[in-house]
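*Asks:* predicted model follows, preceded by the sequence.
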Amino acid sequence: MAKLCEMLNINNSEHMQKEYKYNPFDFSAEAWPDYLLRFQITLKQHYDQTLGDPASDVCRPVYRHIYKCQYFSRFMEESTDISDIAEVEVFNRSVVDDFELIEKRLQLESIHSTTVGRDLFETI
């Protein structure tokens, strides 16, 4: 407990007074108002240092695929779901170096109005 207090820059005497009032395993905001916030900030900094940006991990395969791509085309398909709401899907079809055809769905949007060209353009 003392090591945790030292890491969070908490005065030991202040913590010892509160230790008897609160359950040390109760991590609710009412029990530990500012200690919990300090702990969350510490965890976030640790996460950023060790794992980096999670968005870059998602984008990395996409960038790799774009780099290998020789030809591509985008197309969209309109369908209606069971509740009569129009859905528009946007696909990307590409050919890489070894003539492998890769087709991926990029986006799925629901259209609650009409499905004329202007509505499709504004949705996408």
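*Replies:* Sure thing, it's come through. Numbers count the residues shown, from 1 in each chain.
*Asks:* pull the contacting residues for the nearest residue to Ala86 once chain neighbours are set aside.
*Replies:* Nearest residue to Ala86 in three dimensions, chain neighbours excluded: Ile111, at 4.3 Å (C-beta to C-beta, 6 or more residues apart in numbering). Using the backbone N, CA and C atoms, a C-beta is placed for each residue, glycine as well. Residues near Ile111 by C-beta atoms under 8 Å, 6 or more residues apart in numbering: Ile85, Ala86, Glu87, Val88, Asp119, Leu120, Thr123.
*Asks:* now, which of those residues sits nearest Glu78?
*Replies:* Nearest to Glu78, judged by C-beta to C-beta, of the contacts of Ile111 is Val88 at 5.4 Å.
*Asks:* contacts for the helix or strand where the closest one lies next, please.
*Replies:* In the assignment (DSSP states H and E), Val88 maps to strand 86-96. When contacts are defined by C-beta under 8 Å, 6+ apart, strand 86-96 is touched by residues 65, 68-81, 101-112, 115, 120, 123-124.
*Asks:* can you list the buried residues in it?
*Replies:* Ala86, Val88, Val90, Asn92, Ser94 (16 or more other C-beta atoms under 10 Å).
*Asks:* hey, what's the last one bridged with?
*Replies:* With DSSP bridges as the criterion, Ser94 is bridged to Phe72, Ile102.
*Asks:* 15 is where my numbering starts, stick with that
*Replies:* Got it, the first residue is 15 from now on, which makes the last one we talked about Ser108.
*Asks:* from Asp95, how far out is it?
*Replies:* Ser108 sits at a distance of 27 Å from Asp95 (criterion: C-beta to C-beta, to the nearest Å).
*Asks:* same thing with Cys83?
*Replies:* From Cys83 to Asp95 the distance is 31 Å (C-beta to C-beta).
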